[in-house]
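Student: Generate coordinates for the sequence data below:
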Amino acid sequence: MITKEQIAEAYQIIQDEICTALEATDGKAGFEEEQWTREGGGGGRTRVIQNGNIFEKGGVNFSAVYGQLPESMKKALKVEQDEFFATGVSIVIHPNHPLVPIIHMNIRYFEMPTSLAQDGEPLRWFGGGIDLTPHYVFEEDARYFHAYLKSVCDAYNKDFYQRFKLWADDYFYIKHRNETRGIGGIFYDRLTAGESIDWNTLFEFSTAIGRSFIPIYTELVKRNRDKPFTEEQQLWQYIRRSRYAEFNLVYDAGTKFGLETNGRIESILMSLPPTAKWLYDFHPQPESEEEKTLSLLKKGISWA
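Tutor: Numbering: from 1, shown residues only. Reported below is the predicted structural model:
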């Protein structure tokens, strides 16, 4: 059965693969790495790319941390024990081009070695997902993105895509704006082995999601990076970035977990854009591309 050490090692390899491919895609900027340790146990590798040809700011982070959960997290996770291990890769890319989308991906594994599940094994699960936040929603790109994710999910379980797509619609929802953060994707948490799937297959699914990032995003960058854009479109990009920041600071579970478990602040908040704008009571022009985008930031749209 796959071990937490093997999972952490595989996640580090995926981090390396993604950083290499993103540097080649940008053609100018490279990742700066900072290795860090967590007081209480573990650490990670924070890698940030900035001021590139296409990537204004991005992070590809790996962590493997352990120790004792604070009481607030024990209550949130509904567990009695406090010893935990968690590892994962987390990615956010903010392009400098308003027609190239923001993308986020996370794959993670969580284990409580001293807390046992019903089968007597350590309590553990996989989580993760990948979602797209276009500043402008291009329907052809949205269909490509979701179709690719569906093909990855279908290789492991025919129910995964629809189940995880609905989960993403609900999770990446900005309640106070009554809109989704973007066009969704897939999201899953506390995924455990059962009669239809074993731990090794779940691990393979997790790494397949991780390795879907590069073919998906490089294709979307290639489609849009050379298109001309206006100052008005860049302003709209900054407004959409502000919604992204609102979600991450108010609702994102990963941000909350990192802050509650004494994680590294710079790594946790690397998901925030370098520039965003909050204009008072802004409304797009009727029948504009901006208004069309807002009309597509809804739950339940079928893209695949």
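
Student: next helix or strand past the one helix or strand residue 46 maps to?
Tutor: Here residue 46 is covered by strand 42-50, with elements defined by DSSP states H and E. Counting by DSSP H and E, the element after strand 42-50 in chain order, helix or strand, is strand 55-68.

Student: how about stretch 24-33: buried residues?
Tutor: Buried positions in stretch 24-33, judged by neighbour count with 16 or more other CB atoms under 10 Å: 25-26, 29, 31. Using the backbone N, CA and C atoms, a C-beta is placed for each residue, glycine as well.

Student: And for stretch 5-25?
Tutor: 7-8, 10-12, 14-15, 18-19, 22-23, 25.

Student: For the strand holding residue 46, which strands pair with it and how are they oriented?
Tutor: Paired strands of strand 42-50, with direction, are strand 32-37 (antiparallel), strand 55-68 (antiparallel) (DSSP bridges).

Student: Now the longest one: average pLDDT?
Tutor: Confidence over strand 55-68, taken as the mean pLDDT, stands at 95.

Student: same question, stretch 132-151
Tutor: Mean predicted confidence for stretch 132-151 is 98.

Student: tell me the SS of the closest residue to residue 122 other than its chain neighbours?
Tutor: Once flanking residues are discounted, residue 122 sits nearest to residue 113: 5.0 Å by CB to CB, 6 or more residues apart in numbering. Using DSSP: H, G, I helix; E, B strand; the rest coil, the structure places residue 113 in strand.

Student: List the residues that contact residue 113.
Tutor: Contact analysis of residue 113 by CB atoms under 8 Å, 6 or more residues apart in numbering lists 83, 85, 122.

Student: So for residue 255, what's the pLDDT?
Tutor: At residue 255, the model reports a pLDDT of 88.

Student: Verify the stated contact: it with residue 268.
Tutor: Yes: the pair residue 255 / residue 268 is scored as a contact, 5.9 Å apart, by CB atoms under 8 Å.

Student: Those two: which has the busier surroundings?
Tutor: For residue 255 versus residue 268, neighbours defined as other CB atoms under 10 Å are more numerous around residue 268 (22 against 18).

Student: Which helix or strand contains the more buried one?
Tutor: helix 265-268.

Student: May I have the residues that are in contact with residue 289?
Tutor: Applying CB under 8 Å, 6+ apart, the residues contacting residue 289 are residue 136.

Student: swap in residue 237?
Tutor: Contacts of residue 237 (CB under 8 Å, 6+ apart): 98, 135.

Student: Against residue 247, how distant is residue 220?
Tutor: 20 Å (CB to CB, to the nearest Å).

Student: Ok, residue 126 next?
Tutor: Residue 126 is 23 Å from residue 247, by CB to CB.

Student: pLDDT below threshold where in the stretch 51-200 of the chain?
Tutor: For the stretch 51-200 of the chain, residues meeting the criterion pLDDT under 70 lie at 114-121.

Student: Can you show me the strands along it?
Tutor: 55-68, 83-95, 102-116, 122-133, 173-174, 179-180, 185-191 (DSSP state E, counting those that start in this stretch).

Student: Can you tell me which of these is most buried?
Tutor: Scoring the strands of the stretch 51-200 of the chain by mean neighbour count under mean count of other CB atoms under 10 Å gives strand 83-95 as the most buried, with a mean of 24.

Student: Provide the angle between the direction of it and the direction of strand 42-50.
Tutor: When axes from the mean of the first three to the mean of the last three CA atoms, to 10 degrees is applied, the directions of strand 83-95 and strand 42-50 differ by 0 degrees.
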